[in-house]
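Participant: sequence first, then the predicted structure:
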Amino acid sequence: MTDQELIEVAKAYRERAYAAYSNFKVGAAVLTKDGKVFGGCNIENASYPVSNCAERTAIFKAVSEGHRDFAAIAIIADTPGPCSPCGMCRQAISEFKIPKIIMANLKGDVQVATLAEILPFAFTDNDL
Ligand SMILES: O=c1ccn([C@H]2C[C@H](O)[C@@H](CO)O2)c(=O)[nH]1
Ligand SMILES: [Zn+2]
């Protein structure tokens with residue numbers, strides 16, 4: 001699967017976003033090393049901190065289905081530049097060592113980064 005194809009999956013899941021409070025829809029999709037894809041969207045809550053980001057929805061869906069070995073994650077939103085994952089999601093991306101982060105927006109801007117680039121000096125299981 002190409003980066004663009006993974007972005008297209010993320011874009012389709014963005015349509016399922018439950019963004020009742022921010023009205024900011026985000027979609028994400030993870031690609032496993034054996035070629036499986038899991039999509040996710042942000043899901044908000046009247047108690048705002050209960051909300052979940054699209055990236056973590058996609059990661060948690062994959063993990064809960066038994067898939068933990070990831071090749072990439074794509075994220076898309078209607079942002080001025082490529083949509084960048086929040087700090088909490090960077091930590092979740094770090095936990096599962098997702099090596100490639102594909103950030104995109106609806107205008108077609110794309111930026112690809114490594115895990116080390118988006119979360120330098122990460123706190124990991126090595127620190128415990
Ligand atoms: O990378 C991001 C950034 C934000 N959000 C969600 C959280 C919240 O529902 C809304 C506004 O922050 O967008 C994501 O899902 N992923
Ligand atoms: Zn997040």
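Facilitator: On my side now, so go ahead. None of the values given here were measured: they were computed from a predicted structure. Numbering: from 1, shown residues only. Ligands and ions are numbered 1, 2, ... in the order given.
Participant: so who does the nearest residue to Asp34 once chain neighbours are set aside touch?
Facilitator: Among residues not flanking Asp34 along the chain, Asp69 sits closest, at 7.3 Å (C-beta to C-beta, 6 or more residues apart in numbering). For every residue, glycine as well, the C-beta is placed using N, CA and C. Applying C-beta atoms under 8 Å, 6 or more residues apart in numbering to Asp69 gives the contacts Thr32, Lys33, Asp34.
Participant: out of the residues you listed, which are buried?
Facilitator: Buried residues within the contacts of Asp69, counting neighbours by 16 or more other C-beta atoms under 10 Å: Thr32.
Participant: what comes up buried for stretch 18-28?
Facilitator: Under the neighbour-count criterion of 16+ other C-beta under 10 Å, stretch 18-28 has Ala19, Lys25, Val26, Gly27, Ala28 buried.
Participant: state the phi and psi torsions of the residue positioned nearest the centre of the chain.
Facilitator: The centroid of the chain falls nearest to Glu55 when counting by C-alpha atoms, centre = their mean (2.7 Å). Phi and psi for Glu55, reported as degrees, to the nearest 10, are phi -60, psi -50.
Participant: and the gap between it and Asn126?
Facilitator: The gap separating Glu55 from Asn126 is 23 Å, by C-beta to C-beta, to the nearest Å.
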